[in-house]
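Engineer: Fold the stuff below for me.
(chains A and B)
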Amino acid sequence: MARMISYCMRIIEIPMLYLQKRLGISRLAWVFLLPNLLLFGLFAFLPVVLNFVYAMTGSDQILLQDRTFVGMGNYQTLTSCEDFLDPNSCRDDLFWRAVYNTIWFVLLQVGFMVGFALLTALMLNSKIRARGFFRSVFFFPVLLSPVVVALIWKWILQREGLANAALEGMGFDTINWLLDRHWAFFWSVFISVWAHMGFYTLILLAGLQAIPRDVYEAASMDAASPFRTFRRITLPLLMPTMIVVLVLSLIKSVQTFDEVYAFTGGGPGSATTLLIQYVYETGFAGTPRLFGLASAASILLAIVLVILTFLQLWASRRNVNG
Amino acid sequence: MAKAFAFLTRTRGRGDGSQRLHWTDWFTYGYLFLGVLLMFGPVIWLVMSSFKTDAELNNFPPRFLPYAQETVMLDGYDKPLPLFNITEGELAGTQMAQVRRVGIVSQMVALDAPDEIVKIKVKEREPVEQLSLAWENYTDLFERFNFLQFLWNSTFITITATIIMLLVNSMAAFALSKYEFRGRTVVLAMIIGTLMIPQTVVLVPLFLVVREMGMINSLWGVIIPGAATPTGVFLLRQYMLTIPDEILDAARMDKASEWKIYWRIILPLSAPAIAVLAILAIMWRWNDFLWPLIVLSRTENFTLQLALNSFQGEMQTQWSSLLAMTVLTLLPIAVVFAFLQKYIATGIASTGGK
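Structural biologist: Presented below is the predicted three-dimensional model:
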């Protein structure tokens, strides 16, 4: 194996040496950059441009020459609502349902996740035994694949599963968790908090450990109560990390698809259909394949993401400087 | 016992040891153990369930350990017959095998007289059970499903994509960290720009590009588009910046080619960063779902994740196979985690990516 790799590298060296002689060392940098830039160009920048073309054209053909120009038609389809608060009055009611589901989902998921991550990080940062063990326990679900997460919980929540057994053991009626729209939404938020919380706990823990010890010592000399210490020292000093965590989790949360799709399939009805699932189903799973509509929806989503990413860059820059 | 308790509740740094746990410590440990239960519990439950027989899986309320009913082979019957303890009636206390069940009455035979059928009410008997692992759930995967094919697809995608990604990203990082050239800032800005273009927002045009390249329904369609990542370039560049330029100059004096400098000096020296990126890449690719779902539509190309997802629809009642497959899908990641958890944690914390 190692010999094969070194053999390959020696073969690559021949053209590289030739290029080095022809171009000179500083222009060789572009040769090193080329594969990466080519991939970025083809699979990131070109699609961004094409996305606008798709969003402005209609028909279910994927090839650009077969598509008809519709201008802002797709956006109009998406945004023609008599009452924006009531998805039923919209021409594309599924889109607005997905929008509202996503907003609720993001608010609840980010809120609970960051809250619990902060609590857990505080616990892990206190004087405890076996910190490494506890830290990895909370981190473990981050590594699981979304489909596995979905199946683990589906198995627990199925009609004759562990959750219902526990309910019955306590003398309650069993519930068909994933067929009730409110419960299905609750559990979707729950599993995604469960799966991703450890990641943010880790970042917050790193932030907490960066707070110098002597600040706390000074506080305890002044006999500050634990609560006061937390509010006046921990929280302000942790703020930069908190902002990074918030923005990062917002960016990920808006794009949630995998675990919820594998978990509920967007149902019951459209109770847990999120935006990315709308894009996937309009563009790829449904017939006719409405590529234009899917593109228009994903551009609207991209605008939100760009704003959030700028927030992230701003937050992490502030983090570095301050 | 008292000593053990004292040891377990001893607190760090409180000196004389006369002070026991404060109530806040109890709260902390309570919270953490609850966390252990909530985080590990479901996974352990999954593993336990995957070793249960179909009959045991349908049992409600479920039991923690996998039990299976004992069976016995008797003369004159083709299949092994399930064993029961008789609890009531004149035969109470004996063991009998069930031949057939009709409604609430079952036709049973005594073990020493397999020809005489006795009718016994279902209520008057109890199954004879023992702990046993239903390995057939796992072996079935290989016999009845195309499991090896899915495993191969996932493994192939993960390994190839990781290698390509490491190569391409480290080359770019090398150029961006060790060369002064015009346009470097522009390139850096462009790469930051791609952070803003996650795959999820360019699904439709990406599909066109991949289709035009003839990679739909091919594993390469999954491997190539994600091969260059801004996270990877940044992580490696940040690390390579710390490698002193003098080493490169010395190598150039010895007439080493630039490619050799990259291959023989830069790559080995940035091994820690490469290792972190490799772990991340393996995790991303193994767990990848949405893009494979769009590109791969034929069953023989499915990755494990896709197979799991599509089977959960088809095999609504076949939880036994589905659970075994789920366990096998999470196994590689769990093993990697067990050995490398320290690196994974630092790697993920330092890149902010997962």
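
Engineer: hmm, which helix or strand of chain A has the shakiest average pLDDT?
Structural biologist: strand A:68-69 (a mean of 78; mean pLDDT, DSSP states H and E).

Engineer: Give the other helices and strands that that strand contacts.
Structural biologist: Applying 3 or more C-beta pairs under 8 Å, 6 or more residues apart in numbering or on different chains; DSSP states H and E, one finds that strand A:68-69 contacts strand A:57-58. No exception for glycine: its C-beta is placed from N, CA and C like everyone else's.

Engineer: List the pairing partners of the strand it packs on within its sheet, with orientation.
Structural biologist: strand A:68-69 (antiparallel) (DSSP bridges).

Engineer: Could you list the residues in contact with the strand it pairs with?
Structural biologist: A:56-59 (C-beta atoms under 8 Å, 6 or more residues apart in numbering or on different chains).

Engineer: just those residues now: which is nearest chain B?
Structural biologist: residue A:57 (10.8 Å; C-beta to the nearest C-beta).

Engineer: any idea how far residue A:47 is from the closest residue to the closest one other than its chain neighbours?
Structural biologist: Once flanking residues are discounted, residue A:57 sits nearest to residue A:67: 3.9 Å by C-beta to C-beta, 6 or more residues apart in numbering or on different chains. Using C-beta to C-beta, to the nearest Å, we find residue A:67 at a distance of 16 Å from residue A:47.

Engineer: Tell me the buried residues in stretch B:42-61?
Structural biologist: Using 16 or more other C-beta atoms under 10 Å in any protein chain shown as the test for burial, stretch B:42-61 gives B:42-43, B:45-53, B:56-57.

Engineer: would JSON lines of those residues with distance to chain A and pLDDT be doable?
Structural biologist: Output for the buried residues of stretch B:42-61, formatted as JSON lines (distance: C-beta to the nearest C-beta, whole Å; pLDDT from 0 to 100):
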{"residue": "B:42", "distance to chain A": "5", "pLDDT": "92"}
{"residue": "B:43", "distance to chain A": "6", "pLDDT": "91"}
{"residue": "B:45", "distance to chain A": "6", "pLDDT": "90"}
{"residue": "B:46", "distance to chain A": "5", "pLDDT": "90"}
{"residue": "B:47", "distance to chain A": "10", "pLDDT": "90"}
{"residue": "B:48", "distance to chain A": "10", "pLDDT": "87"}
{"residue": "B:49", "distance to chain A": "6", "pLDDT": "87"}
{"residue": "B:50", "distance to chain A": "9", "pLDDT": "88"}
{"residue": "B:51", "distance to chain A": "13", "pLDDT": "87"}
{"residue": "B:52", "distance to chain A": "11", "pLDDT": "84"}
{"residue": "B:53", "distance to chain A": "15", "pLDDT": "80"}
{"residue": "B:56", "distance to chain A": "12", "pLDDT": "76"}
{"residue": "B:57", "distance to chain A": "9", "pLDDT": "76"}
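
Engineer: Now, these that are in helices?
Structural biologist: The helices, defined by DSSP state H, take in B:42-43, B:45-50, B:56-57 from these.

Engineer: Good, wrapping up.
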